[in-house]
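Novice: got a sequence here, can you build the structure:
(2 chains)
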There are 2 protein chains.
Amino acid sequence: MRVAVQGAGIIGLSIAWRALSAGLDVTVHDDNPARGASNVAAGMLAPVAEAYFGEADLLRLSLASAARWPEFAAGLGEVGYRDDGTLLVGRTGDDLRELARLFQLYADWRLPAEKVDPRALEPALTPRLRGGLLTPGDHQVDPRRVLAALRERVPVSATPPGKVDVTVVATGAWTGQPRGSAIGLPGGGAVVGLPVRPVHGEVLRLRGEPSIRHVVRGYIDGKYVYIVPRKDGEVVVGATTAERGFSTRVTAEGVRDLLDTAIEVLPELADYELVEARAGLRPGTPDNAPLIGRLDPRTIVSTGHYRHGVLLAPITAEVVTSLLLDREPSVDLAPFAPGRFS
Amino acid sequence: MRVAVQGAGIIGLSIAWRALSAGLDVTVHDDNPARGASNVAAGMLAPVAEAYFGEADLLRLSLASAARWPEFAAGLGEVGYRDDGTLLVGRTGDDLRELARLFQLYADWRLPAEKVDPRALEPALTPRLRGGLLTPGDHQVDPRRVLAALRERVPVSATPPGKVDVTVVATGAWTGQPRGSAIGLPGGGAVVGLPVRPVHGEVLRLRGEPSIRHVVRGYIDGKYVYIVPRKDGEVVVGATTAERGFSTRVTAEGVRDLLDTAIEVLPELADYELVEARAGLRPGTPDNAPLIGRLDPRTIVSTGHYRHGVLLAPITAEVVTSLLLDREPSVDLAPFAPGRFS
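Specialist: A predicted model of the protein is given here:
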């Protein structure tokens, strides 16, 4: 059986890697890789800190994928996997109320989280913080290293292959667009009509000598920022989400606000080098959960991973490979059926 | 007579262009062009707004060069020359006192300047401004277009030529460094011991549809920023000066502060695209004036132009060409003698 994967983002490449390992005949095609969300992603593997009210199905999928990440990472070599846990920190009374609300959610769902003094764990954080949570099971990985490692293992072509038996659509934010539309299509094709839309997110890359180990998610006077420190000195800062179509403009105000809030949380960032400011397009869906499943006998969809593509890559690769092999997936895919909105 | 110009920044290229036009046999060499100040410069041609207490000699040179810019620009084609004048604007009482002090200086030196309501001239400026000055003789040019036009007219080699009769040293911030030092040398050589040092400056390039015509220099609650709108939609924002050796790191705080102050002055910048954040190295001298003159029978120095390299390019090219031709320069070079500090 010949399989074509459309889209060489982290989802498409992970599926292809897994399917190749299972002995399938797989090719990946993408005429413009690294244009979407994967190359800009921060790489937080945070099923708990990303858990949210009403998203229990997504949480189950996220937890299953997080459990698979250590082995997935080990198979890829050095990809910056780091298990230091995530700190959620707050400053004002309102910020602390938001943390308390999340803490209650985690307790209701029996997720591992504890109240901590943020500066007892990370003394470099601002003394203006007044409370925090630790989610020790939330880890991180460097998505660019993951992409590079996957590309070493999976050949990518710019053009679609000839006749294939099954096509896996992993075209991210471009999935719902008509073929040949002005924005262009990775892999040269897409599934028109699926409710996937681009969600703009700005991400900064700084460089210095981070004195923190944990991923920090700051709730600062009603503003939110995440700070992801890597062992190689890179620090990724982000947070924004905006609906701007396919524009990947990085705005002056977006960068100003991210820097401002991040420096407030971790003052040492002030003197870090600003290396990069970019925007990526996350594939959003109406319920923030991905579309994974068979669309017709010759088409499998795997897209709409929104903010969770890196985290969900291992479980997505596993269940899509199961579908390709006509085996029962290890998790119930009914909540993620591509046709659930129609 | 064979002449070698060391350094392909705006000073070295302007000298070579002028000297070639005068019929001299000139070559330019630089092993790493566009590394210094020229490619990052904002291009303000502002003898008045840049005039400062105690710098009367520099002012005379600046006025002479500004007068030559229209013809110099015309010879280079479309290089973004724009004569809309410069607005100095202030917000707090302290800021207005600084503008009043400058206005008195301009009056003492009989320089063209007038008190204006900034928003009568530029309605897009923030309503929080409380006063302003217009210096109508301060213009602007796009330094990258100037560099590109000069490079079309002047061949640049990466390696020094063989035997020459006279060398013109135009190596900017690297002029005082020993040959072969760790930082590397444009043009592969320098004059050790001249008191030229690198002065770090961060510059942002935004893109949008500027509704202002004037260059704006904002004095905002004790902070300073300049905003240079070009006709092609580029807006250059800068201000910082720092002593950091040869580092060209752009810091998180530097970018944050520039964006913050610029958006305060001109709110529409908030939604502009942030295209570039870079740092350049201005060649600073002890008295902020350049070093222009003969060092020995076979060496002419033309460096140390600090914040004024673009403005001073035409007059510098003219007087150095006069020196090469053994003619009397049109301005008195005694205040700019390279040996004046020893």
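
Novice: so, low pLDDT: which residues of chain A?
Specialist: A:178-192 (pLDDT under 70).

Novice: what's near enough to touch the most far-flung residue of it relative to its centre?
Specialist: Relative to the centre of chain A, the most outlying C-alpha is that of A:Lys163, 31.7 Å out, by C-alpha atoms, centre = their mean. By C-beta atoms under 8 Å, 6 or more residues apart in numbering or on different chains, A:Lys163 lies in contact with A:Arg2. In short, each C-beta sits where N, CA and C put it, glycine included.

Novice: distance check, it against A:Thr27.
Specialist: The spacing between A:Lys163 and A:Thr27, counted by C-beta to C-beta, to the nearest Å, is 12 Å.

Novice: identify the contacts common to those two.
Specialist: With C-beta under 8 Å, 6+ apart as the test, A:Lys163 and A:Thr27 both reach A:Arg2.

Novice: could you look up the SS state of the residue of the stretch 101-250 of chain A found nearest chain B?
Specialist: Relative to chain B, the nearest point of the stretch 101-250 of chain A is A:Arg249 (4.5 Å; C-beta to the nearest C-beta). State at A:Arg249, reduced to three classes by DSSP: H, G, I helix; E, B strand; the rest coil: coil.

Novice: neighbours around it, how many?
Specialist: 17 (other C-beta atoms under 10 Å in any protein chain shown).

Novice: show me the contacts for it.
Specialist: A:Ala279, B:Glu273.

Novice: for A:Arg144, same thing?
Specialist: A:Asn39.

Novice: make sure it is indeed in a strand.
Specialist: No: using three-state DSSP, the assignment for A:Arg144 is helix, not a strand.

Novice: tell me the residues of chain A that contact chain B?
Specialist: Chain A comes close to chain B at residues A:204, A:206, A:249-256, A:259-260, A:262-263, A:269-274, A:277, as judged by C-beta under 8 Å from any C-beta of the partner chain.

Novice: those residues in helices, which ones?
Specialist: A:Ala252, A:Glu253, A:Gly254, A:Val255, A:Arg256, A:Leu259, A:Asp260, A:Ala262, A:Ile263 (DSSP state H).

Novice: can you count the residues close to the spatially closest residue to A:Asp257 that is not a sequence neighbour?
Specialist: Spatially, and ignoring its direct neighbours in sequence, A:Asp257 is nearest to A:Lys223 (7.1 Å; C-beta to C-beta, 6 or more residues apart in numbering or on different chains). With neighbours defined by other C-beta under 10 Å, the count for A:Lys223 comes to 16.

Novice: if we can go back for a sec, regarding the residue farthest from the centre of chain A, what is its secondary structure?
Specialist: Strictly by three-state DSSP, A:Lys163 counts as coil.

Novice: same check on the one 4 residues further on?
Specialist: When states are read from three-state DSSP, the local structure at A:Thr167 comes out as strand.

Novice: can you check A:Glu318 too?
Specialist: helix.

Novice: who's in contact with it?
Specialist: Listed by C-beta under 8 Å, 6+ apart, the contact set of A:Glu318 reads A:Arg18, A:Arg68, A:Pro329, A:Ser330.

Novice: and the residues you listed, which are buried?
Specialist: With burial judged by 16 or more other C-beta atoms under 10 Å in any protein chain shown, the buried subset of the contacts of A:Glu318 is A:Arg18, A:Arg68, A:Pro329.

Novice: the last one reaches A:Val319, doesn't it?
Specialist: In other words, A:Pro329. Yes: with contact defined as C-beta atoms under 8 Å, A:Pro329 reaches A:Val319; the gap is 3.9 Å.

Novice: how close does A:Gly254 get to A:Thr261?
Specialist: Taken as C-beta to C-beta, the span from A:Gly254 to A:Thr261 is 11 Å.

Novice: who has more neighbours out of these two?
Specialist: Counting neighbours by other C-beta under 10 Å for A:Gly254 and for A:Thr261 shows that A:Gly254 has the greater number, 26 against 22.

Novice: so that one sits against A:Glu202, correct?
Specialist: Yes: at 4.5 Å, A:Gly254 and A:Glu202 qualify as touching, with contact defined as C-beta under 8 Å.

Novice: how about the CA coordinates for stretch A:35-46, as PDB?
Specialist: Extracted in PDB, the C-alpha atoms of stretch A:35-46 (Å, rounded to 0.1, in the frame of the first residue of the first chain):
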ATOM      1  CA  ARG A  35       5.900  27.900   6.900                       C
ATOM      2  CA  GLY A  36       3.200  27.000   9.400                       C
ATOM      3  CA  ALA A  37       3.200  26.600  13.200                       C
ATOM      4  CA  SER A  38       5.900  23.900  13.700                       C
ATOM      5  CA  ASN A  39       8.900  26.100  13.100                       C
ATOM      6  CA  VAL A  40       7.700  28.900  15.400                       C
ATOM      7  CA  ALA A  41       6.300  26.700  18.200                       C
ATOM      8  CA  ALA A  42       7.800  27.000  21.700                       C
ATOM      9  CA  GLY A  43       7.700  23.300  22.300                       C
ATOM     10  CA  MET A  44       5.800  23.200  25.700                       C
ATOM     11  CA  LEU A  45       4.600  19.700  26.400                       C
ATOM     12  CA  ALA A  46       2.100  20.800  28.900                       C
END
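
Novice: and the contacts of that stretch?
Specialist: A:7, A:9-11, A:50, A:66, A:69, A:80, A:86, A:135, A:138-144, A:146-147, A:172-174, A:186, A:201, A:203, A:215, A:226, A:228, A:236, A:238, A:278-283, A:305, A:309-311.

Novice: is it possible to mark the buried ones in those?
Specialist: The buried subset of the contacts of stretch A:35-46 - by 16+ other C-beta under 10 Å - is A:7, A:9-11, A:50, A:66, A:69, A:80, A:86, A:135, A:138-144, A:146-147, A:172-174, A:186, A:201, A:203, A:215, A:226, A:228, A:236, A:238, A:279-283, A:305, A:309-311.

Novice: narrow the residues you listed to those in strands?
Specialist: Among those, the ones falling in strands (DSSP state E) are A:86, A:135, A:139-140, A:201, A:203, A:215, A:226, A:228, A:236, A:238, A:279-283.

Novice: return the member of these nearest to B:Arg60.
Specialist: B:Arg60 lies nearest to A:Ala279 out of these, by C-beta to C-beta, at 48.1 Å.

Novice: is A:Pro136 in contact with A:Ala66, as I believe?
Specialist: No: in this structure, A:Pro136 is not within contact of A:Ala66 by C-beta under 8 Å, at 11.9 Å.

Novice: give the residues shared as contacts by the two.
Specialist: By C-beta under 8 Å, 6+ apart, no residue touches both A:Pro136 and A:Ala66.

Novice: what residues are shared contacts of A:Gly254 and A:Glu202?
Specialist: In contact with both A:Gly254 and A:Glu202: A:Thr240, A:Ala279, using C-beta under 8 Å, 6+ apart.

Novice: what is the end-to-end distance of stretch A:230-243?
Specialist: 29 Å (C-alpha to C-alpha, to the nearest Å).

Novice: contacts for it next, please.
Specialist: A:42-43, A:80, A:82, A:140, A:142, A:197, A:199-210, A:223-229, A:254, A:257-259, A:261-262, A:269, A:272, A:275, A:282, A:307.

Novice: same check, this time on stretch A:256-266
Specialist: So stretch A:256-266 is contacted by A:89, A:124-126, A:128-129, A:202, A:204, A:212, A:216, A:218, A:220, A:223-225, A:227, A:237-240, A:269-270, A:274, B:252-253, B:255-256, B:259-260, B:263, B:270 (C-beta under 8 Å, 6+ apart).

Novice: same thing with stretch A:56-65?
Specialist: A:47, A:50-51, A:109, A:111, A:288-290, A:308, A:311-316, A:330-331, A:335-336.

Novice: backbone dihedrals for A:Val116, both of them.
Specialist: phi -140, psi 160 (degrees, to the nearest 10).

Novice: how many residues are close by it?
Specialist: For A:Val116, using other C-beta under 10 Å, the count is 19.

Novice: kindly report the same for A:Thr27.
Specialist: Neighbours around A:Thr27, by other C-beta under 10 Å: 18.
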